[in-house]
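# quick one: sequence and predicted model below, then my questions.
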Amino acid sequence: MRHQKNKITLDRKSAGRKALLRGLAESLILFEKITTTKAKGRATRSFVERLITKAKQNTLAARRLTLAKIPAKNVVKKLFEVLGPRYAERKGGYTRVTLLNHRIGDGAEEVLVELI
């Protein structure tokens, strides 16, 4: 039983979940909006908001911690040079998840995840 287990697993083992969140986060940071399922969108939102909060510090240690989570250097560069200064005054809530519709093939709820 999974009583009081709050981690979002997305029905994947940890390596697959990390790779999925890493890819979704890279796309969201580069293109500033993505369309995905509701569960993946909610998991991506929390992952990306932690990265943006870390990017606001703009220190070498923060950059290295971010590179450990996302190894793509162009994504980390955009985080620290564009998104960090953009959200410097904002306390949190950098992303918005908007419900779109149900997917035709399997009926999954689709959402639009975008940076505010």
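Ah, there it is. Numbering: from 1, shown residues only.
# for the rest of this, base every contact and every neighbour count on C-alpha atoms.
Fine.
# how about the helices in the chain?
With DSSP state H as the criterion, the chain has helices at 14-31, 38-55, 60-69, 73-78, 84-86.
# identify each buried residue in the second one, please.
Residues of helix 38-55 classed as buried: 38, 40-45, 47-49, 51-55 (neighbour count, 16 or more other C-alpha atoms under 10 Å).
# so which elements touch that helix?
Under the contact criterion of 3 or more C-alpha pairs under 8 Å, 6 or more residues apart in numbering; DSSP states H and E, helix 38-55 touches helix 14-31, helix 60-69, helix 84-86, strand 95-102, strand 109-115.
# of the ones you listed, which is nearest residue 77?
helix 60-69 (8.9 Å; C-alpha to C-alpha).
# what helices or strands is the closest one leaning on?
If contacts are counted by 3+ C-alpha pairs under 8 Å, 6+ apart, helix 60-69 sits against helix 38-55, helix 73-78.
# one more pass at 6 Å, please.
Contacts defined by 3 or more C-alpha pairs under 6 Å, 6 or more residues apart in numbering; DSSP states H and E place helix 60-69 against no helix or strand at all.
# can you list the residues that contact it?
residue 54 (C-alpha atoms under 6 Å, 6 or more residues apart in numbering).
# hmm, try it at 10 Å
18-19, 21-22, 25, 47, 50-57, 59, 70-73, 75-77, 79-80 (C-alpha atoms under 10 Å, 6 or more residues apart in numbering).
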